[in-house]
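A.B. asks: missing the sequence, but the structure's below:
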């Protein structure tokens, strides 16, 4: 067989199509041809209907027949995936030549990792709440748009996505809000603020790097507990919620039709909650998180309040339409970590269930407050892999 | 820099070509001889390590990262063992 990348006749699947198929819960088979370490670090995840096999592309180069023999026989179509989209084309072509049906993911994991999914949570007379997700990382961000004004909450690194959204809605970016200074991904907030002139808000407690004990070098406006923003017809209230970070806040958006939408950041997630140790002070911050979660949060939550967190852990948290939000009543029923417990029970649970602490999270926090400025390659490397911000109860 | 008998320049070639061409070049090399592969694809570092684990007659002697005109080069030394 001869192979030239330019003349490949392999059919490609875009990240958008892949995401639609992952959400649909239809049977899907991913043949991941990256090396084992890369595969383990960041596999493509989906519902239980997704089957995945890691068989590196060099196994096909070394011994094509042996590699082909390892493929399951009951698969209708293989979606072949690699790092950048070249090797997956190569392997898909090998498969096609042997009578298998195979397609190649465009731009590989780079394309998948940088894919953004934009969809409305609400779109009604007073305006819109839009969810902007980066599915590969489990990152969620939001736009509140009303009467030509827009607020962004926890915008992610690729700022063009947000500018196009707001421009397309005929609105002007008024404020940029981060629920906290993130550890797992690089915020788009400071860059968007520079590009558009809209002020960037974080709580001042998060403007000090918790490990380095150094102050932020970025321009920001300090958030305070109880601070209110008016975006067209929507009122957004800042509620301090320390624990995951000392300056973590929730934003409560109240709409003219009586709707309540709580942007929880890394406070509570749909089936878990934000871990209190990423500042390196897990033991000291756990009781603070307990107070936020069990004493303060219930006071401003109603059963109907829609919870919109900054992360999902699995696609199963999807409400069925690619929206990772649910009324509190439902969240309470499916999130065991919200069940009442004593401080002692909570502390002992948290401290014995902490997931690994990814070392790059310390550096990402430095980036987010301007202590270091990475180039594109480094930024993209820091963001490899899925977020590990959650702790499940 | 280890001793080598032949050089394969795959600068600019994207994955999977560095490995495809290396496999072919090794197969044409006499047993015991060493091939130097010069690549600009950073992914080749981990992929060559993975490949030689299952490859029939290839040993990875060394890998180097060197700078050339502001560009990073990833250099692999492969010996044909059988």
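C.D. replies: Ah, there it is. Keep in mind that what you see is a predicted model, and the values were worked out from it rather than measured. Residues are numbered from 1 along each chain as shown, chains lettered A, B, ... in the order given.
A.B. asks: Kindly report the residues of chain A close to chain B.
C.D. replies: A:3, A:5, A:35-38, A:56-59, A:61-63, A:82-84, A:86-87, A:90 (CB under 8 Å from any CB of the partner chain). Quick note: C-beta positions are derived from backbone N, CA and C, even for glycine.
A.B. asks: Out of those residues, which end up buried?
C.D. replies: For these, a burial check counting by 16 or more other CB atoms under 10 Å in any protein chain shown picks out A:5, A:35, A:38, A:56-59, A:61-62, A:82-84, A:86-87, A:90.
A.B. asks: In contact with residue A:279, which residues?
C.D. replies: Residue A:279 makes contact with A:210, A:211, A:245, A:246, A:285 under the criterion CB atoms under 8 Å, 6 or more residues apart in numbering or on different chains.
A.B. asks: can you list the residues you listed in TSV and add distance to residue A:365?
C.D. replies: TSV is the format used below for the contacts of residue A:279 (distance: CB to CB, whole Å):
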residue	distance to residue A:365
A:210	7
A:211	8
A:245	9
A:246	12
A:285	14
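A.B. asks: Let me know the closest of the residues you listed to chain B.
C.D. replies: Distance to chain B, by CB to the nearest CB, is smallest for residue A:211 among those, at 28.9 Å.
A.B. asks: check which helix or strand covers that closest one.
C.D. replies: Residue A:211 is part of no helix or strand, with elements assigned from DSSP states H and E.
A.B. asks: Give me the pLDDT for it.
C.D. replies: Predicted confidence (pLDDT) for residue A:211: 94.
A.B. asks: shouldn't it be in contact with residue A:363?
C.D. replies: No - if you go by CB atoms under 8 Å, residue A:211 and residue A:363 don't touch, sitting 10.0 Å apart.
A.B. asks: Look at these two and report which has more neighbours.
C.D. replies: Taking other CB atoms under 10 Å in any protein chain shown, residue A:211 and residue A:363 do not tie; residue A:363 has more neighbours (17 against 14).
A.B. asks: Tell me the confidence at the more buried one?
C.D. replies: What the model reports as pLDDT for residue A:363 is 95.
A.B. asks: mind listing which of the buried ones among the residues of chain A next to chain B are in helices?
C.D. replies: Using DSSP state H, the members of those that fall in helices are A:38, A:57, A:58, A:59, A:61, A:62, A:86, A:87, A:90.
A.B. asks: Ramachandran coordinates for the residue nearest in space to the middle of chain A?
C.D. replies: By CA atoms, centre = their mean, the mean C-alpha position of chain A lies nearest to residue A:139, the distance being 0.7 Å. Backbone geometry at residue A:139, expressed as degrees, to the nearest 10, gives phi -100, psi 140.
A.B. asks: my guess is it contacts residue A:313, does it?
C.D. replies: No - counting by CB under 8 Å, residue A:139 does not reach residue A:313; the two are 11.5 Å apart.
A.B. asks: if we can go back for a sec, could I get the contacting residues of the residue nearest to the centre of chain A?
C.D. replies: Counted by CB under 8 Å, 6+ apart, residue A:139 has contacts A:133, A:156, A:184, A:185, A:310, A:311, A:387.
A.B. asks: Check residue A:234 too.
C.D. replies: A:126, A:127, A:144, A:146, A:253, A:254, A:255, A:256.
A.B. asks: got it, and residue A:81?
C.D. replies: So residue A:81 contacts A:30, A:31, A:32, A:33, A:34, A:44, A:88, A:104, A:105, A:108, A:109, A:112 (CB under 8 Å, 6+ apart).
A.B. asks: In these, which residue is surrounded by the most others?
C.D. replies: residue A:88 leads these on contacts (other CB under 10 Å) with 33 neighbours.
A.B. asks: thought it was touching residue A:104?
C.D. replies: Yes - using CB under 8 Å, residue A:88 is in contact with residue A:104, at 4.2 Å.
A.B. asks: can you list residues touching both of the two?
C.D. replies: A:80, A:81.
A.B. asks: Give me the phi and psi for residue 31.
C.D. replies: Since no chain was named, I'll use chain A. Per degrees, to the nearest 10, the backbone of residue A:31 is at phi -100, psi 100.
A.B. asks: Need the pLDDT of it.
C.D. replies: Residue A:31 is assigned a pLDDT of 98 by the prediction.
A.B. asks: Pairing partners for it in the sheet, please.
C.D. replies: residue A:53, residue A:80 (DSSP bridges).
A.B. asks: just checking, it touches residue A:100?
C.D. replies: No - look at residue A:31 against residue A:100 with CB under 8 Å: they stay out of range, at 9.5 Å.
A.B. asks: pLDDT wise, what is the residue in the stretch 251-393 of chain A positioned nearest to chain B at?
C.D. replies: Proximity of the stretch 251-393 of chain A to chain B (CB to the nearest CB) peaks at residue A:377, 9.2 Å away. In this model, residue A:377 is scored at 83, pLDDT.
A.B. asks: quick one, helices of the chain?
C.D. replies: Assuming you mean chain A. Going by DSSP H, chain A shows helices at A:15-24, A:36-41, A:57-62, A:64-69, A:86-97, A:108-113, A:159-168, A:189-196, A:282-290, A:297-300, A:328-334, A:343-352, A:360-368, A:376-382.
A.B. asks: Not quite, go with chain B.
C.D. replies: Using DSSP H, helices in chain B cover B:17-27, B:44-54.
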